[in-house]
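A.B. asks: build me a structure from this.
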Amino acid sequence: MMVIVMEPQAPMEQVSDVLRRLEDSGVVPHMSRESGRVSIGVTAVLPAPEQEVLRAMHGVAEISGVRQPFKLASREFRPDDSIVNVGGVEIGGERFVLIAGPCAVEGEQQVFDAARAAAASGARILRGGAFKPRSSPYAFQGMGLPGLRLLKAAGESVGLPIVTEVLHPEMVGPIAEYSDMLQIGARNMQNFALLEAAGRSDRPVLLKRGMMASIEELLMSAEYVLAAGNSQVVLCERGIRTFESYTRNTLDIAAVAALKQLTHLPVIVDPSHATGRRELIRPMSL
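C.D. replies: Residues are numbered from 1 along each chain as shown. Prediction:
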């Protein structure tokens, strides 16, 4: 992985010359702009002679490697923030985005009532679980595809795109037919076959941090999706397991700030699963 940094005032003609040179070399350039300065990332390490040709081109300030192990997710590779489009709703921009809905789809009346309540409260995306990963094999596992169809219909009734969880690689395609966004839950954060399958999909991916995963492990999981070809990834901090037992999990606010420094990917927070207590959701959201 390499990053070509252009001079602050390099004209677009010089940038285009560099892009053309990279394409002629058989690599795909990824251009980003921050504070008027253009950076061009490439996913390959070019031979030394080709690097020297690039360094000598007009407008090129420097060429450096990406030091972080999460190459494509790193701000070194792309300095400016990524914007992820979910059915017309942008995550990562200036506007606040609220995602709301039932944890599990349990029936038509329930999910339509929840959709209306979510939309009336300002939600921009409707969430709901049709396939549920449960700690107990005897617990309700979700309604499956019939539940997903209900969620889709409920979203359409209030004009909201939907996001739902996918548990297995072979279900990515069928779920993507209905869902505007694929959620990979905390328990599946390191299910690498699932991450790669989601990376081959054309649907945005909401990747939740595992309850015992480090920040770097979360970013390396995102790297699997990005490396498979899907650049539309949103990270979610949903609480980690600590010695504290008053709340279900401990919301790691520090991780949110750290992620914003380390990666260009959008970061959202799930205060519901992080606390497990209804009365704490509003305070933890502010």
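A.B. asks: can you dump the C-alpha coordinates of stretch 250-259 into CSV?
C.D. replies: What follows is stretch 250-259, C-alpha atoms only, in CSV (Å, rounded to 0.1, in the frame of the first residue of the first chain):
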residue,chain,number,x,y,z
THR,A,250,-19.6,-0.8,29.0
LEU,A,251,-19.9,1.9,26.3
ASP,A,252,-16.3,2.7,25.2
ILE,A,253,-16.6,6.4,24.3
ALA,A,254,-12.8,6.6,24.1
ALA,A,255,-12.9,4.1,21.2
VAL,A,256,-15.2,6.4,19.2
ALA,A,257,-12.7,9.3,19.5
ALA,A,258,-9.8,7.0,18.7
LEU,A,259,-11.5,5.5,15.7
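A.B. asks: now it: average pLDDT?
C.D. replies: Per-residue confidence for stretch 250-259 averages out to 96 on the pLDDT scale.
A.B. asks: and what of stretch 132-147?
C.D. replies: pLDDT averaged over stretch 132-147 gives 84.
A.B. asks: how far is that stretch from where the chain is centred?
C.D. replies: Its chain's C-alpha centre and that of stretch 132-147 lie 24 Å apart, by CA atoms, centre = their mean, to the nearest Å.
A.B. asks: next: stretch 210-222.
C.D. replies: Distance, centroid of stretch 210-222 to centroid of chain: 12 Å (CA atoms, centre = their mean).
A.B. asks: residues contacting it, please?
C.D. replies: 68-70, 73-74, 184, 186-187, 189-190, 195, 207, 209, 233, 235, 238-241, 249, 255, 258-259, 262-263, 265 (CB atoms under 8 Å, 6 or more residues apart in numbering). No exception for glycine: its C-beta is placed from N, CA and C like everyone else's.
A.B. asks: which positions within that stretch qualify as buried?
C.D. replies: With burial defined by 16 or more other CB atoms under 10 Å, the residues of stretch 210-222 counted as buried are Gly210, Met211, Ala213, Ile215, Leu218, Leu219, Met220, Ser221, Ala222.
A.B. asks: element containing the fifth one, please.
C.D. replies: Secondary-structure assignment from DSSP states H and E places Leu218 in helix 215-227.
A.B. asks: repeat for the first one
C.D. replies: If you go by DSSP H and E, Gly210 is not part of any helix or strand.
A.B. asks: so how far is Thr250 from it?
C.D. replies: In this structure, Gly210 and Thr250 are separated by 14 Å, where distance is defined by CB to CB, to the nearest Å.
A.B. asks: what kind of secondary structure is Arg20 in?
C.D. replies: helix (DSSP: H, G, I helix; E, B strand; the rest coil).
A.B. asks: what angle separates the next helix or strand along the chain from the helix holding Leu218 from helix 215-227?
C.D. replies: In the C-terminal direction, the helix or strand that comes right after helix 215-227 (DSSP H and E) is strand 233-237. Orientation note: strand 233-237 sits at an angle of 160 degrees relative to helix 215-227 (axes from the mean of the first three to the mean of the last three CA atoms, to 10 degrees).
A.B. asks: could you give the average pLDDT over strand 233-237?
C.D. replies: 98.
A.B. asks: ok, residues contacting that strand?
C.D. replies: The set of residues that contact strand 233-237 without belonging to it, under CB under 8 Å, 6+ apart, is 73, 82, 84, 91-92, 181, 204-209, 218-219, 222, 225-226, 251-253, 255-256, 259, 263, 265-270, 274.
A.B. asks: now do stretch 154-166
C.D. replies: By CB under 8 Å, 6+ apart, the list of residues contacting stretch 154-166 reads 86-89, 99, 101, 111-112, 114-116, 118-119, 123-133, 148, 151-152, 172, 175, 178-185, 194, 198, 206.
A.B. asks: neighbouring strands of the helix or strand of the chain with the lowest mean pLDDT in the sheet, and parallel or not?
C.D. replies: The weakest-scoring helix or strand in the chain, judged by mean pLDDT, DSSP states H and E, is strand 29-34 (a mean of 82). When pairs are called by DSSP bridges, strand 29-34 turns out to pair with strand 37-42 (antiparallel).
A.B. asks: just the C-alphas of the partner strand, formatted as PDB.
C.D. replies: Extracted in PDB, the C-alpha atoms of strand 37-42 (Å, rounded to 0.1, in the frame of the first residue of the first chain):
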ATOM      1  CA  ARG A  37      -4.500  18.900  -0.800                       C
ATOM      2  CA  VAL A  38      -4.900  15.800  -2.900                       C
ATOM      3  CA  SER A  39      -3.700  12.300  -1.800                       C
ATOM      4  CA  ILE A  40      -3.800   9.300  -4.000                       C
ATOM      5  CA  GLY A  41      -3.700   5.800  -2.500                       C
ATOM      6  CA  VAL A  42      -2.900   2.700  -4.300                       C
END
